[in-house]
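J.: A predicted structure for the sequence below; I have some questions about it.
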Amino acid sequence: MIRLSLASAVLGLTLLCAAPTFAQGTAPTPTHLQAAREVVELTGVSQSIDGIFREFEENTRQMLGATRPEMNKDMNEVVAALKPEAQKRAEEMTVSAVNIFAAKMTEADLKEVAIFFRSPVGQRYSSLRTQAMDEIYTILQPWASQTSNYLFDRFSQEMRKRGHTL
């Protein structure tokens with residue numbers, strides 16, 4: 001699940017950072033940073049970052065809760081105690097994402113992206129994105145493995161034709 005959230009965040013960053021690069025060396029204004037933060041929030045990037053703790057929590061509860069039920073009380077207390085640290089780290093990552101968007105896109109472009117994501121079609125896209133990413137990830141994993149194996153086999157064949165053994 002963590003990979004899925006990261007994949008979703010990376011896909012969002014990749015799609016949105018395809019816009020022209022903002023002039024290097026120019027510090028973004030507060031309104032530019034606010035526009036970037038809005039895009040980070042509206043596109044689900046910040047939710048993906050925040051979701052990492054939830055996934056950690058769920059995975060820990062499933063793994064330890066099932067195998068070591070005597071640890072549940074302590075586990076729940078420790079997980080709860082870690083939440084503020086996780087939130088601080090998530091905010092640090094969100095600020096990094098905001099700065100990346102502000103560096104890659106103009107304030108005007110960011111505002112247009114925000115307008116799209118506030119529109120009915122943008123909201124539909126946002127509501128379906130997670131489900132679509134789940135489906136894509138389901139077919140992406142075996143495809144990536146099969147493609148990698150295929151390419152390595154082809155690579156090996158071509159190297160053998162050139163007199164190399166692997």
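T.: Sure thing, it's come through. Numbers count the residues shown, from 1 in each chain.
J.: drop to CA atoms for contacts and neighbour counts, all remaining ones
T.: Fine.
J.: Could you identify the longest helix within the protein?
T.: Longest helix in the chain, counting residues (DSSP state H): helix 120-161.
J.: The residue of the chain positioned farthest from its centre: what's it in contact with?
T.: Taking C-alpha atoms, centre = their mean, the residue of the chain most remote from its mean C-alpha position is Gly163, at 43.1 Å. Listed by C-alpha atoms under 8 Å, 6 or more residues apart in numbering, the contact set of Gly163 is empty.
J.: Could you check how far stretch 27-35 is from the centre of its chain?
T.: 22 Å (C-alpha atoms, centre = their mean, to the nearest Å).
J.: okay, and the helix or strand of this structure with the least pLDDT?
T.: For the chain, counting by mean pLDDT, DSSP states H and E, helix 2-16 ranks last in confidence among helices and strands (a mean of 51).
J.: Give the next helix or strand downstream of that helix.
T.: helix 30-42 (DSSP states H and E).
J.: Check which helices and strands the following helix or strand past that next one sits against.
T.: Moving toward the C-terminus from helix 30-42, the next helix or strand (DSSP H and E) is helix 45-67. Counting contacts by 3 or more C-alpha pairs under 8 Å, 6 or more residues apart in numbering; DSSP states H and E, helix 45-67 is packed against helix 2-16, helix 72-104.
J.: Same question for helix 45-67: list its buried residues.
T.: 45-54, 57, 61, 65 (16 or more other C-alpha atoms under 10 Å).
J.: Kindly report the same for stretch 122-140.
T.: Gly122, Ser126, Arg129, Thr130, Met133, Asp134, Tyr137.
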